[in-house]
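Peer 1: Sequence and predicted structure, then a few things I'm wondering about:
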Amino acid sequence: MTAEDSSVRKALAVVWRDDGPMDRFRDGVFRQEDADEVLEALKALPDYGTARLSQDEVRLLWYMPTFLGFQDERIVERSGVTIPYAHFRTQALNEVVRVLGMP
């Protein structure tokens, strides 16, 4: 494992941890600081083709936009937020595409 691989793993672990932003989104809680934390972690990842990612890293990145889409209803019901969350989801998708490339 290279140092770059380790930094990717750490960035993903931070946002997917049990008490992290993705966990709060699953609970229907949208906070802008959580969205910012996820985007900051994604923006720190290398561009497509510049680093080798493990299967687990690709899996977590690939699933992120789908996971965020599944939380739409919960976020609206619990947090009453629509446009800021939709904007965040688009930004997250764009970052995932930047890292994984367009299929």
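Peer 2: All right, it came through fine. Numbers count the residues shown, from 1 in each chain.

Peer 1: Just the pLDDT at D23, thanks.
Peer 2: The per-residue pLDDT reported for D23 equals 96.

Peer 1: what does L53 give?
Peer 2: If you check L53, the pLDDT there is 88.

Peer 1: Export the lengthiest helix in the chain to CSV, keeping only CA atoms.
Peer 2: As assigned by DSSP state H, the longest helix anywhere in the chain is helix 83-100. As requested, C-alpha coordinates have been extracted for helix 83-100 and formatted as CSV (Å, rounded to 0.1, in the frame of the first residue of the first chain):
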residue,chain,number,x,y,z
ILE,A,83,-32.4,22.5,-2.4
PRO,A,84,-29.2,22.5,-0.2
TYR,A,85,-29.2,18.7,0.0
ALA,A,86,-29.8,18.4,-3.8
HIS,A,87,-26.9,20.8,-4.5
PHE,A,88,-24.7,18.8,-2.2
ARG,A,89,-25.6,15.6,-3.9
THR,A,90,-24.7,17.0,-7.3
GLN,A,91,-21.4,18.3,-6.0
ALA,A,92,-20.6,14.9,-4.4
LEU,A,93,-21.5,13.1,-7.7
ASN,A,94,-19.2,15.4,-9.6
GLU,A,95,-16.3,14.6,-7.3
VAL,A,96,-16.9,10.9,-7.5
VAL,A,97,-16.9,11.1,-11.3
ARG,A,98,-13.7,13.1,-11.1
VAL,A,99,-12.0,10.4,-9.0
LEU,A,100,-13.5,7.3,-10.7
